[in-house]
Each structure stands twice: as C-alpha cells, then as structure tokens.
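> From the sequence below, what's the structure:
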Amino acid sequence: MSSWERDLLEVLADQLRIVSPAQIARAWFARQATAQRSATRLVRRFSDNGWLRIRRVLARPVSPLLSPLLSWRHARPTPDFANLSRQLHRRSRCAAELTIVVEATTKTRALFGTSGFRPRLKLTQTSHDLHVAEIFFRYRESECDVRRYWVGEDRLPVTWSIRQRPDAILVDDAGDFHRAVDYGGDYSVERLSALHDGLASLPLPYEIW
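This next block holds a predicted model:
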C-alpha cells in the first residue's frame with residue numbers, strides 16, 4: 001500500500017464520514033488526466049479488499065464551496081442570521097439524486113483510525129456530510145495541514161462543554177481549539193442564533209460555509 005493510499009484510508013477512518021469518488025479524484029489524483037477513472041478503480045479495488053464500503057444514496061449535488069458564507073470572531077457584532085438563513089434555504093432547494101459515496105469499513109477504522117472514532121452515518125445527512133468533506137478538501141487545497149489540525153464532530157472530546165456541536169474544530173499546534181467550522185444546511189434563524197450563542201460563550205471563532 002502506498003503512502004497516499006494509506007492517507008486516504010486514514011482520512012476516512014478518522015476525519016470524514018463519507019466522500020464521493022469525484023472528491024477522491026480531485027484530492028488524490030488531481031495531476032492525472034484520467035483522475036476520475038483512477039479514483040473509480042481505486043474505490044472498487046479497496047471495496048473488494050474490504051477497506052472501503054460503497055453506498056448508493058440520495059444526496060444533493062456537491063456545491064463548489066470557495067469561501068465561508070460567514071466568519072465570526074469574538075467582539076464582532078452579532079451576524080445577520082435572517083439573511084444567512086435565507087441564503088441557506090435557497091441553497092437547500094436543489095433536488096437530491098442517486099449518488100455514490102464511500103466510507104471506511106470497520107476493518108479500516110480499527111487499523112487506521114484513532115481510538116474512539118465511530119462515524120454516525122445517517123442517510124438523511126449524506127448531502128451535509130459530503131459538503132463537510134468538501135470544506136475539508138478546500139482547507140487541504142489551501143495548504144492547511146488538515147490531517148493534523150482538523151477534528152471532526154465525531155471526535156470532539158468528552159469535555160466539550162456546550163450543546164451545539166459544529167461539524168469540525170480546527171486546533172492549533174498545542175491542541176487547543178482555534179476555530180469551529182460548520183456547513184450550513186437549511187438552518188432557521190433560531191438554530192443559527194443558538195449555534196452562535198454556544199460558540200461565542202467559549203469564546204470560539206467560527207465559520208459557516
């Protein structure tokens with residue numbers, strides 16, 4: 001197994017719930033002319049070998065996420081959640097379609113994951129989880145060391161002190177919380193406000209994509 005193949009398995013075992021073959025193609029085969037074909041072959045081979053599980057689910061097409069819709073830091077004004085909620089509602093109208101997604105198997109999580117990580121894949125959240133992966137890869141493309149600094153929702157520590165659970169936390173070199181990251185679904189003003197109040201109470205900067 002090559003180092004980059006191991007990297008893929010570790011990401012799925014430890015940081016993301018699901019990815020699409022297209023995301024694998026972009027992240028691990030971007031320099032190849034046949035990136036999509038190569039990613040499909042890899043997924044099939046790893047599925048045959050018991051490393052990955054392929055699912056066909058209903059999910060909205062992955063939108064290109066170039067930058068956060070909202071970035072907030074301590075001492076800044078409270079954001080306009082009514083406007084943000086309208087943006088998120090418009091985005092969520094896109095119809096779902098049959099989509100192939102890939103997840104780590106129990107064997108992969110046991111060999112390549114860190115202790116305690118158990119993905120909670122819900123078929124009703126596949127669109128959301130694919131977009132969380134998109135944010136992860138966007139950070140990776142910006143040369144952020146996401147393998148080191150990205151802590152997914154499923155791996156938040158037991159000492160996490162508020163009810164709201166963002167999709168991920170970026171930590172610093174000391175392991176302290178640096179920034180919360182969340183993909184905005186069809187969130188109401190009340191949900192956005194509650195997320196803000198919880199993270200602001202820490203206080204923790206956050207982004208909503």
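> So residue 162 sits against residue 201, correct?
Yes - using C-beta atoms under 8 Å as the test, residue 162 is close enough to residue 201 to be in contact (6.5 Å). From N, CA and C alone the C-beta is placed, and that goes for glycine too.
> ok, those two, which is more surrounded?
Applying other C-beta atoms under 10 Å to residue 162 and residue 201 shows that residue 162 carries more neighbours, namely 15 against 11.
> That one in helix, strand or coil?
coil (DSSP: H, G, I helix; E, B strand; the rest coil).
> Please name the nearest non-neighbouring residue to it.
Nearest non-adjacent residue to residue 162, counting by C-beta to C-beta, 6 or more residues apart in numbering: residue 198, 4.1 Å away.
> Kindly report the same for residue 112.
Nearest to residue 112 is residue 13, by C-beta to C-beta, 6+ apart, at 4.0 Å.
> thought that neighbour was touching residue 103?
No - counting by C-beta under 8 Å, residue 13 stays clear of residue 103, with 9.7 Å between them.
> one step back: quick one: the residue nearest to residue 112 and residue 27, what's the gap?
As for residue 13, its distance to residue 27 is 15 Å (criterion: C-beta to C-beta, to the nearest Å).
> So for the two, which residue has more residues nearby?
For residue 13 versus residue 27, the count of surrounding residues by other C-beta under 10 Å is larger for residue 13: 23 against 20.
> host element of the more buried one?
Secondary structure assigned from DSSP states H and E places residue 13 in helix 3-14.
> Report the buried residues of the helix or strand containing residue 178.
Using DSSP H and E, the element containing residue 178 is strand 177-182. Going by neighbour count (16 or more other C-beta atoms under 10 Å), the buried part of strand 177-182 is 177, 179, 180, 181, 182.
> now these as a markdown table including pLDDT and distance to residue 99?
Below are those laid out as a markdown table (pLDDT from 0 to 100; distance: C-beta to C-beta, whole Å):
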| residue | pLDDT | distance to residue 99 |
| --- | --- | --- |
| 177 | 96 | 32 |
| 179 | 98 | 29 |
| 180 | 98 | 27 |
| 181 | 98 | 23 |
| 182 | 98 | 22 |
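> quick one: stretch 1-15 to chain centroid distance?
Distance of stretch 1-15 from its chain centroid, counting by C-alpha atoms, centre = their mean, to the nearest Å, is 15 Å.
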